[in-house]
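Enquirer: Fold the stuff below for me.
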Amino acid sequence: MTDILEPAQLEAVLTRFGFASPPPVDEAGLDDLYRAWCRLVPFDNTQKLLTLSSGAGGPLPVLAPHDFFAQWLRHGTGGTCWPSSNGLIALLLSSGFDARRVAGSMFEGGDLNHGAVVVTVHGDDFLVDSSMLTDRPVRITAEPTMDDDPVHPTAVEPVEGTFRFHFGVPFDPGGRSLRWRLMADPADPALFAERYEVSRVASIFNESRYARRNHADGVRALMKNTRAVKTATSFELQSDLDPDEQDRSLIQDIGLSEEIVARLRAAVPAASISGG
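Expert: Here you go, the predicted model:
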């Protein structure tokens, strides 16, 4: 697996992002590239659900960056944390940024269950998380920091030689609801592959639909049969969506192709589609 994208695929991705060429390798360029990622590449488990439901052996899907972007360009799908972080770091490295994989423990249970990316720009480190989709890189400093953005609140705490991050979630109208402790910096690509494989039998994303994607006015998400729309001035929660309404959310809110949504509808048992 290579972290450098083929020139044609890199050009296709950047074009879809709205760039005629890679952005400048500075803080403003990182801001622009990550914002485009957050608003165009969802965090979702579509490809994983399709693979698990098929019962096929072999590796879990879209871990390799070229596979990840091939599916995104065709169907609008992203991935869960391990493959989407691989895609993001490949895009960053191919665009000239100094980026590295990191891993840690969501909810601080001690296990490495979440991967992300850190970018160094002129000596400063920034977390760019392909799952949390904070819309702006999170600066990492020796002092505690807090961002009370109404849609994407974050906080960083230095703790015992590492960092604890706090993130908001689409299904909570306010506050920082998720905490994650950085434990492996840097993390090896082999660790990402190993932890992704572990998630085959131990993950909250193995049965029901989950997808989130940012928009210019906020974030939209679908979890099982519940849709959330969170903006700077409003919060809307729609529960008990029927399968057709869930399909519509995946297509209109998340940007998935009608083809991939139809495949998901056919592959995943109705109980799971409806929130089982």
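Enquirer: Quick one: residues contacting Leu241.
Expert: 222, 225-227, 249 (CB atoms under 8 Å, 6 or more residues apart in numbering). For every residue, glycine as well, the C-beta is placed using N, CA and C.
Enquirer: hmm, 7 Å instead?
Expert: Residues near Leu241 by CB atoms under 7 Å, 6 or more residues apart in numbering: 225-227, 249.
Enquirer: Name the nearest of these relative to Gly218.
Expert: Checking the contacts of Leu241 against Gly218 with CB to CB, the nearest one is Arg227 at 13.0 Å.
Enquirer: ok, that closest one - how many residues close by?
Expert: 23 (other CB atoms under 10 Å).
Enquirer: Ala193 too?
Expert: By the criterion of other CB under 10 Å, Ala193 has 18 neighbours.
Enquirer: any idea whether it is helix, strand or coil?
Expert: Of the three states, Ala193 takes helix under DSSP: H, G, I helix; E, B strand; the rest coil.
Enquirer: cool, and Glu236?
Expert: Put simply, Glu236 is strand when judged by three-state DSSP.
Enquirer: which regions of the chain lie under the pLDDT threshold?
Expert: Scanning the chain for pLDDT under 70 picks out 269-276.
Enquirer: now with 90?
Expert: Applying pLDDT under 90 to the chain flags the ranges 1-2, 55-58, 174-177, 202, 207, 268-276.
Enquirer: For it, which segments are assigned as helices?
Expert: For the chain, the helices defined by DSSP state H cover 7-17, 27-40, 46-54, 65-75, 81-94, 189-198, 243-249, 258-267, 270-273.
Enquirer: between those, which gets nearest to His152?
Expert: Comparing these by CB to CB, helix 27-40 comes nearest, at 8.7 Å.
Enquirer: Count the residues that sit near the residue nearest to Ala36 when sequence neighbours are not counted.
Expert: Nearest residue to Ala36, sequence neighbours excluded (CB to CB, 6 or more residues apart in numbering): Phe17, at 4.1 Å. Neighbour count for Phe17, taken as other CB under 10 Å: 18.
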